[in-house]
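Asker: mind folding the following:
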Amino acid sequence: MKFILLFGPQAVGKMTVGHELAKITGLKLFHNHMTIDLVHHFFDYGTKEGMRLVHSFREQIFEEVAKSDQSGMIFTYVWAFNEQEDWDYVDHVCGIFESRGAEIYFVELEADLEERLQRNKSEFRLAQKPTKRDLEWSEGELVSSLDQYRLNSLEGELQRTPYLRINNTYLSAEETAARIKEEFGL
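Answerer: The predicted model follows:
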């Protein structure tokens with residue numbers, strides 16, 4: 001079993017790269033908006049109820065996949081490195097898979113802000129993430145989060161291996177996925 005944590009800021013291309021990586025590896029993609037958009041029909045993600053449901057659904061999916069005979073999972077996540085709660089969450093999720101003997105891979109994506117603002121409007125993103133279709137809101141949230149969160153790691157901050165950091169500003173999702181597959185021998 002392989003668990004790939006694909007992380008980086010909003011609209012960096014995590015879901016799109018994850019989709020391409022799933023196609024070439026056979027691993028299942030679980031992008032973070034699958035649960036957010038499901039719960040959004042009932043509660044906003046920022047509410048206590050919404051967050052509890054999103055975390056509960058994710059936890060159950062992680063547990064079931066980790067104990068299954070599937071080859072693995074790709075999970076996308078926006079990791080706020082300046083928030084201990086996010087570090088703890090990543091450790092917890094990885095622990096679910098590690099406790100079942102899974103191999104854990106960390107892939108961090110980064111891209112220039114202007115490219116991320118363009119990707120925020122992409123047809124594939126908007127088709128897959130209904131809560132991002134309010135472009136004024138999603139662009140505002142993308143930009144304003146820069147003042148509150150550090151969404152890429154500092155040099156040497158992550159001690160887990162294997163770890164790969166890719167600046168995909170000028171790479172297609174296919175190129176990025178191929179690089180991940182080659183680097184980790186997936």
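Asker: okay, and Glu115 sits in which element?
Answerer: helix 113-119 (DSSP states H and E).
Asker: can you give me the strands in this protein?
Answerer: Ranges of strands within the chain are 2-7, 28-30, 72-77, 103-110, 163-167, based on DSSP state E.
Asker: what pLDDT, on average, does the shortest one get?
Answerer: It stands for strand 28-30. The average pLDDT for strand 28-30 rounds to 95.
Asker: and if you look at stretch 92-107?
Answerer: Stretch 92-107 carries an average pLDDT of 97.
Asker: and if you look at stretch 33-41?
Answerer: 81.
Asker: and it, which residues are buried?
Answerer: By 16 or more other CB atoms under 10 Å, the buried positions in stretch 33-41 come out as 33-37, 39-40. (Glycine included, C-beta is placed from N, CA and C.)
Asker: now, which of those sits nearest Lys48?
Answerer: Nearest to Lys48 among the buried residues of stretch 33-41: Val39, at 11.9 Å, using CB to CB.
Asker: touching, Glu139 and Arg119? I think so.
Answerer: No. Glu139 is not in contact with Arg119 according to CB atoms under 8 Å; the separation is 11.0 Å.
Asker: which residues sit against stretch 94-109?
Answerer: 1-8, 12-14, 17, 59, 62-63, 66-67, 72-73, 152-153, 158, 160-168, 176, 180, 184 (CB atoms under 8 Å, 6 or more residues apart in numbering).
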